[in-house]
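Undergrad: any chance you could fold what I've pasted below:
(2 chains)
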Amino acid sequence: MLRADVKLTRSHFSLNTQFELPTPGVVALLGRSGCGKTTLINVLAGLCHAEKAHIELDDVVLEDTSRNINVPAEARRIGYVFQDARLFPHLNVEANLRYGLKRFLGKPYLSFEAVIELLGLGHLLNQKSSQLSGGERQRVAIGRALLAQPRLLLLDEPLAALDAARREEVLPYLESLRDQWAIPMVYVSHQYEEVLRLATHLVLMQSGSTIAQGDIGRMSLSPELRAIVGHDEIGAIIDGEVLGTDESGLTRVLIGHNQALDATTMRTLKVRTPITATGKKLRIQVLARDLIIATQAPEHLSVRNILKGRIHALARDDNDSDLVTVDVGGTRLLARITHSATRELGLRPGLNCWVLVKAVSLRGHAFNAGSSLTLHSSP
Amino acid sequence: MTTPTALVSLAALISLTPSEYEALSLSLGVAARSVLLSLAPAIFLAWILTRRFHGRFVLDALVHLPLVLPPVMVGYLLLILFGTHGILGAWLRVFHVRLIFTRNGAALATAVMSFPLMVRAIRISLEGIDRGLEDAARTLGAGAWDRFRSITLPLMLPGILAAVITAFAAGLGEFGAVITFVSNIPGETRTLPLALYSALQSPDGDTAAARIALISFLLGLSGLIVAEWFTRRMRSIRGR
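TA: I've put the predicted structure just below:
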């Protein structure tokens, strides 16, 4: 468990944050630029002084201003991946990677070979850091931080300086870091798309304060998220399990954790995704703008997904649209429909309805958090 | 200067007179000692001056003082401090160290005069180093001294080398502070510029003066060329 309670005041800025993360897990600090995310993780790392701070990682107190405890940054064993990589320019890739490893005195639990293998760095070892591409630089920076054998990894917008193609060079590695090694991570970003691929938990920040936090599935429905993320990105994030593929090649995914078998047909989503192995865990984003709500059983439609549910709540989104939360066998989905549609259909909480969504508008991401070996986080 | 005359001069220079040779080797020795003397303090002060603290501007001004003071005055100050009856001079005598009228004294005077140049060159290279790299090293488990040794020092090495070469070249020509502090003693403190001055003072020293001037000229020029070559080479090694 990571607990952080940080208060800090600067001339034009103040920070007042509390958050918790069950470890292993990935918590994303999401907020607009300048809301204090980087300052917060600098305090976590011990690089920045806060007037009041209580930081605790797996029952080890790293900082407690009320008891005058302050473990220096170099002894915290918190890895840090900076936005600008900060590779040492006078050292080659291998020497950069080994910098923290050499200074770790215990028995390493992440070996040099394993890190090289996971991040695909083998062919870069003898290169100068100035010869690397942006994506390679970040991968080396991640490897360097990992080899220092951290108990926690902080990532400060590691993809912000990269274009879309270069991002894809790094994101899958971060996913395998989460799924294979279960390293606890704090991931700072203002990009919701990255966050929903990586995070298990979400902490929302606005002008120096944490405004909401929790499990990402729950947070994807929260009204606070709408204040930070654009309209078009709003939508439920649901975890599912692959059941198999249908005759047209779409992956059938069982959503929700309710194991009542009779409801299976109504809780199956068909998704276009390369992930098809039965039993694989999958995370699906169902964008609110892509959902259609019907109050009668729809027929003769091309749409591949028709789920039966019940309206849980209605909320005004902006002047002409509403957000409808629909309960589908225990899983909640969010739909944005026009206000006039709500009126004409007479939608209200408790009403039975059908939710329609096209298979091609669903995106599935591999997600196996915490499923394999667990990190030994004690020193 | 046309090529034939240059060749003739060079040929003449190959056979230095004993006193010219003495002055040349003395100049090189004094400049080398002055660099050795000031290098560590210059690195330390340059490092201090890139940090934020109260009174930084005062320290900065003190370091740069020799650049704006008349050299004779610096020599005079050293005379007061390190003379036989000076505060530090009396203290040093306990250890049987005498600076006045010695080549070590000449080196001290030269070191004081070239100190600002050295601090400046090192400081510029220090300011070019991303401070974020030190933070990165911290999160990787490196303590303060470890960070300085493994990150800061190697990155400022080109600056240090440039500073050494500049200070050495400048030290070869120091005159005012040296002649005031340690006088003009042949074989002990008579460096090239002092020898030139002496030659100019004697009625038939024209040829001697010209020869010494040429030696100094060639020495200074080669110093600057070597310095420039070194900086370029360091840059290309570091791929920047």
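
Undergrad: near chain B, which residues of the stretch 51-200 of chain A?
TA: A:72-80, A:82, A:84, A:86, A:88-90, A:99-100, A:103-104, A:128, A:130-131, A:144-145, A:148 (Cβ under 8 Å from any Cβ of the partner chain). (C-beta placed from N, C-alpha, C; glycine too.)

Undergrad: from those, which ones fall inside helices?
TA: A:99-100, A:144-145 (DSSP state H).

Undergrad: okay, those in JSON lines with neighbour count and pLDDT next?
TA: JSON lines is the format used below for these (neighbours: other Cβ atoms under 10 Å in any protein chain shown; pLDDT from 0 to 100):
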{"residue": "A:99", "neighbour count": "22", "pLDDT": "96"}
{"residue": "A:100", "neighbour count": "24", "pLDDT": "94"}
{"residue": "A:144", "neighbour count": "30", "pLDDT": "96"}
{"residue": "A:145", "neighbour count": "26", "pLDDT": "96"}
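
Undergrad: from those, pick the one nearest chain B.
TA: residue A:100 (3.5 Å; Cβ to the nearest Cβ).

Undergrad: quick one: that closest one from residue A:90, how far?
TA: 16 Å (Cβ to Cβ, to the nearest Å).

Undergrad: cool, residue B:71 as well?
TA: In terms of Cβ to Cβ, residue B:71 sits 38 Å off from residue A:90.

Undergrad: and what of residue A:37?
TA: 30 Å.

Undergrad: what comes into contact with the top strand by length along chain A?
TA: If each strand of chain A is counted by residues according to DSSP state E, the longest one is strand A:305-318. With Cβ atoms under 8 Å, 6 or more residues apart in numbering or on different chains as the contact definition, strand A:305-318 has outside contacts at A:223, A:226, A:231, A:266-267, A:269-270, A:298, A:322-329, A:332-333, A:336, A:339, A:342, A:347-359, A:362.

Undergrad: so, low pLDDT: which residues of the stretch 201-350 of chain A?
TA: Counting by pLDDT under 70, the stretch 201-350 of chain A has low-confidence residues at A:257-266.

Undergrad: swap the cut-off to 50 and go again
TA: For the stretch 201-350 of chain A, the stretches with pLDDT under 50 are A:261.

Undergrad: again, but for chain B
TA: Residues of chain B that meet the cut-off, pLDDT under 50, sit at B:1, B:239-240.

Undergrad: what residues does it put near chain A?
TA: Close to chain A, as judged by Cβ under 8 Å from any Cβ, chain B has residues B:130, B:132-133, B:135-143, B:146, B:150-151, B:154-155, B:238-240.

Undergrad: now do the SS call for the residue of the stretch 201-350 of chain A found nearest chain B.
TA: Nearest residue of the stretch 201-350 of chain A to chain B (Cβ to the nearest Cβ) works out as residue A:203 at 20.9 Å. With DSSP: H, G, I helix; E, B strand; the rest coil as the basis, residue A:203 sits in strand.

Undergrad: pull the contacting residues for it.
TA: A:19, A:27-30, A:210, A:212-213.

Undergrad: bridging residues for it?
TA: residue A:29, residue A:213 (DSSP bridges).

Undergrad: mind listing the strands for the stretch 1-150 of chain A?
TA: A:2-10, A:13-21, A:26-30, A:52-57, A:60-64, A:69-70, A:78-81 (DSSP state E, counting those that start in this stretch).

Undergrad: may I see the ones you listed organised as TSV, with mean neighbour count added?
TA: Formatted as TSV, the strands of the stretch 1-150 of chain A follow (neighbours: other Cβ atoms under 10 Å in any protein chain shown):
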stretch	mean neighbour count
strand A:2-10	19
strand A:13-21	18
strand A:26-30	28
strand A:52-57	20
strand A:60-64	19
strand A:69-70	15
strand A:78-81	27
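
Undergrad: turn those into a markdown table, including distance to residue A:309 and mean pLDDT.
TA: Output for the strands of the stretch 1-150 of chain A, formatted as a markdown table (distance: least, Cβ to Cβ, whole Å; pLDDT from 0 to 100):
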| stretch | distance to residue A:309 | mean pLDDT |
| --- | --- | --- |
| strand A:2-10 | 36 | 91 |
| strand A:13-21 | 31 | 88 |
| strand A:26-30 | 28 | 92 |
| strand A:52-57 | 40 | 93 |
| strand A:60-64 | 45 | 93 |
| strand A:69-70 | 50 | 92 |
| strand A:78-81 | 41 | 96 |
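
Undergrad: pick out the residue nearest the middle of the chain.
TA: Just so you know, I chose chain A. residue A:199 (1.8 Å; Cα atoms, centre = their mean).

Undergrad: hmm, I had chain B in mind actually
TA: Nearest to chain B centroid, counting by Cα atoms, centre = their mean: residue B:167, 3.3 Å.

Undergrad: please tell me how far it sits from residue B:199.
TA: From residue B:167 over to residue B:199 (counting by Cβ to Cβ), the distance is 26 Å.

Undergrad: what does residue B:181 give?
TA: 21 Å.

Undergrad: more neighbours, those two?
TA: Taking neighbours as other Cβ atoms under 10 Å in any protein chain shown, residue B:181 and residue B:199 compare with residue B:181 leading, 29 against 21.

Undergrad: ok, the more buried one - contacts?
TA: Residue B:181 touches B:75-76, B:78-79, B:82, B:99-100, B:105-106, B:108-109, counting by Cβ under 8 Å, 6+ apart.

Undergrad: let me know the closest of the residues you listed to residue A:291.
TA: residue B:108 (83.6 Å; Cβ to Cβ).

Undergrad: picking that back up, can you put the ones in helices among the residues of the stretch 51-200 of chain A next to chain B in TSV and add distance to residue A:108?
TA: Conversion of those to TSV gives the following (distance: Cβ to Cβ, whole Å):
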residue	distance to residue A:108
A:99	14
A:100	10
A:144	13
A:145	13
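
Undergrad: which residues are in contact with the residue of the stretch 101-250 of chain A found nearest chain B?
TA: Going by Cβ to the nearest Cβ, chain B is nearest to residue A:103 of the stretch 101-250 of chain A, at 3.9 Å. Contact partners of residue A:103, counting by Cβ under 8 Å, 6+ apart, are A:148, B:140-142, B:146.

Undergrad: how about 6 Å then?
TA: Residue A:103 is in contact with B:141-142, counting by Cβ atoms under 6 Å, 6 or more residues apart in numbering or on different chains.
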